[in-house]
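Novice: Take a look and give me a structure for this.
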Amino acid sequence: MIDKIAILGAFKHEVSQIQKKLKKPEKTKKAGIVFSYGLLGSHKTVVGATGWGKVNASSGVTLAIETFKPDVLFYTGTAGTIPSTGMGVGDIVVSQSVLYTDIGLEADAPWRNLFKDRLPWLPLLKTKEGKFFHQFYPSQKLLERVKNVAEEYGANCNCKVRIGNISTSDTILTVNLTIAEEVYTQFELLCSEMEGAAAAQVCTRYGLPFLIVRGISDVSRRESSGLIGLLMEYRKNRSLAAKRAQEFLLRLVEHFS
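Specialist: Reported below is the predicted structural model:
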């Protein structure tokens with residue numbers, strides 16, 4: 001039974017819609033993060049913005065788990081992609097898995113997955129469920145609920161909702177489309193971002209079910225003007241992408257009631 005829910009994102013605009021839905025909200029500040037908590041439907045829910053990047057995400061998730069003891073955690077926000085995925089601005093990706101694509105790389109062979117090919121004896125994390133290297137997996141029960149909601153929501157918002165692999169990297173992969181295509185092909189990715197795997201790793205350590213939900217804000221193109229062009233597209237579309245991801249999460253939470 002799901003009673004308590006945590007919903008986190010990197011930036012305020014990635015969780016603001018959900019915060020507004022909380023009934024009888026209260027706030028508390030811990031280690032610089034403002035958490036809002038109240039009722040979302042019948043569920044006790046905590047919402048917060050951790051800040052961007054792996055360390056902020058992992059510390060924020062740890063604080064939320066230790067303080068509020070949720071039964072499930074969602075990390076949401078925006079993400080980039082490349083044309084070959086078939087995903088576009090405003091589409092939604094839900095994690096089939098979330099993985100680091102910038103860990104254990106050989107300098108002379110960029111983006112090689114050393115955990116799979118060379119370092120099977122060195123997992124990032126061991127739990128009673130097994131060894132986890134660079135890749136973390138959400139609850140299959142949660143994914144089943146996603147499948148029930150995805151088709152309905154996708155039709156209503158006229159967007160795609162797909163379940164697939166999500167990359168977490170300190171590098172903005174989609175700045176260089178040639179490199180991005182290599183990485184996306186190797187890891188069979190649908191999108192890339194900068195926090196999800198860190199959040200997933202912490203949840204896996206605690207044995208807490210999780211999902212990463214991302215709205216697509218930018219698509220890498222050969223004709224774009226590098227980082228500046230990509231950031232301009234992100235700024236233009238981030239509100240729509242974040243809105244779609246939050247709307248999908250709200251619809252998903254309704255199915256828990």
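Novice: what are the phi and psi values for the closest residue in space to residue 62 that isn't next to it in sequence?
Specialist: Closest residue to residue 62 apart from its sequence neighbours, by CB to CB, 6 or more residues apart in numbering: residue 202 at 5.5 Å. Every C-beta, even on glycine, is put in place using the N, C-alpha and C of the backbone. Main-chain torsions, residue 202, degrees, to the nearest 10: phi -60, psi -40.
Novice: do residue 150 as well
Specialist: phi -60, psi -50.
Novice: Can you get me a residue count around it?
Specialist: Counted with other CB atoms under 10 Å, residues neighbouring residue 150 total 20.
Novice: Skip the chain neighbours and tell me the closest residue to it.
Specialist: Per CB to CB, 6+ apart, closest to residue 150 is residue 161, 4.0 Å.
Novice: Can you list the buried residues in the helix of greatest length in the chain?
Specialist: What stands out as the longest helix in the chain, according to DSSP state H, is helix 226-254. For helix 226-254, burial by neighbour count (16 or more other CB atoms under 10 Å) applies to 230, 233-234, 237-238, 240-250, 252-253.
Novice: where exactly do the helices run in the stretch 51-200 of the chain?
Specialist: Taking DSSP state H, counting those that start in this stretch as the criterion, the stretch 51-200 of the chain contains helices spanning 54-68, 114-117, 140-157, 177-187, 196-206.
Novice: tilt between whichever helix or strand comes after the last one and helix 226-254?
Specialist: Scanning the chain past helix 196-206 towards its C-terminal end, the next helix or strand to appear is strand 210-219 (assignment: DSSP states H and E). Interaxial angle of strand 210-219 relative to helix 226-254 (axes from the mean of the first three to the mean of the last three CA atoms, to 10 degrees): 140 degrees.
Novice: Sheet partners, orientation included, of strand 210-219?
Specialist: Strand pairing for strand 210-219, using DSSP bridges, gives strand 72-81 (parallel), strand 92-100 (antiparallel).
Novice: In contact with the residue nearest the centre of the chain: list those residues for me.
Specialist: Nearest residue to the geometric centre of the chain (CA atoms, centre = their mean): residue 212, 3.4 Å. If you count contacts by CB atoms under 8 Å, 6 or more residues apart in numbering, residue 212 has them with 74-76, 94-95, 98, 138, 166, 196, 199-200.
Novice: make it 10 Å
Specialist: 73-77, 79, 93-98, 136, 138, 166, 168, 191, 193, 195-197, 199-200, 203, 245 (CB atoms under 10 Å, 6 or more residues apart in numbering).
Novice: Kindly state the pLDDT recorded for it?
Specialist: We note a pLDDT of 97 for residue 212 in this prediction.
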